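*Asks:* the following block contains a protein sequence and its predicted model.
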Amino acid sequence: MPGWTFDVEVQGRLEVLRLARDGNRACVEFCGRRIEVDVSENRPGQFSFIVQGRSLEVQVEREGDTFVATVAGRTVPVVLRDRRQYRRSHSSGGDSDGRVAVSAPMPGKVIQVLASSGQAVEENQGVLVVEAMKMQNEIRAPKKGVVRGIHVRVGQAVNARETLFFVE
């Protein structure tokens with residue numbers, strides 16, 4: 001199944017949302033839970049989910065950068081975030097020389113290296129592809145700069161939070 005990974009902020013917490021969809025079947029991983037669901041879009045922004053035999057109606061509306069999801073009468077604002085940018089803006093300190101370490105967001109296997117050490121990259125340019133749970137996740141440069149010290153190779157298994165490369 002083709003997959004996507006999103007970094008989302010829900011009620012002030014940054015979480016990773018992974019989706020893999022094949023027709024009306026989907027696999028969703030969120031907050032450490034993985035579930036299989038049947039999903040259909042009834043009309044734009046309104047979805048029906050069957051989760052463990054239970055039916056849920058979800059209404060999703062976009063308000064600028066925020067998506068507002070209404071499930072069973074409960075409204076939850078969801079904001080898509082750049083995980084590295086969020087962590088930098090919510091940390092107490094910073095790296096004075098501008099070097100940013102880029103870590104694996106989850107355990108997986110490196111399946112492609114898209115840039116080399118010493119190569120100039122643009123912000124959000126893909127540098128590596130890591131496969132996790134049969135989903136490919138492109139690891140992107142958090143800022144414009146130069147890639148330094150790629151610490152992994154194709155075929156290598158990586159752990160969550162393991163440093164993959166630096167951008168300065």
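*Replies:* That came in fine, so what should we check first?
*Asks:* after the worst-scoring helix or strand of the chain on mean pLDDT, which helix or strand is next?
*Replies:* The weakest-scoring helix or strand in the chain, judged by mean pLDDT, DSSP states H and E, is helix 83-89 (a mean of 49). Sequence order places strand 100-103 as the next helix or strand after helix 83-89, per DSSP states H and E.
*Asks:* could you list every helix and strand in contact with that following strand?
*Replies:* Judged by 3 or more C-beta pairs under 8 Å, 6 or more residues apart in numbering; DSSP states H and E, strand 100-103 is in contact with helix 83-89, strand 163-167. C-beta: built from backbone N, CA, C; applies to glycine.
*Asks:* try it again at 6 Å.
*Replies:* Strand 100-103 sits against strand 163-167, with contacts defined as 3 or more C-beta pairs under 6 Å, 6 or more residues apart in numbering; DSSP states H and E.
*Asks:* contacts for the strand it packs on?
*Replies:* Here strand 163-167 makes contact (C-beta atoms under 6 Å, 6 or more residues apart in numbering) with 99-104, 128, 141, 143, 145, 147-152.
*Asks:* mark which of those are buried, thanks.
*Replies:* By neighbour count, with 16 or more other C-beta atoms under 10 Å, those hold Val100, Ala101, Val102, Ser103, Ala104, Leu128, Ala141, Lys143, Gly145, Val147, Ile150, Val152 as buried.
*Asks:* ok, so of these, who is nearest Gln46?
*Replies:* Closest to Gln46 out of the buried ones among the contacts of strand 163-167 is Ala104 (35.8 Å), distances taken as C-beta to C-beta.
*Asks:* my guess is the closest one contacts Val152, does it?
*Replies:* No: if you go by C-beta atoms under 6 Å, Ala104 and Val152 don't touch, sitting 8.5 Å apart.
*Asks:* so what sits against both of the two?
*Replies:* By C-beta under 6 Å, 6+ apart, the residues touching both Ala104 and Val152 are Val158, Leu164.
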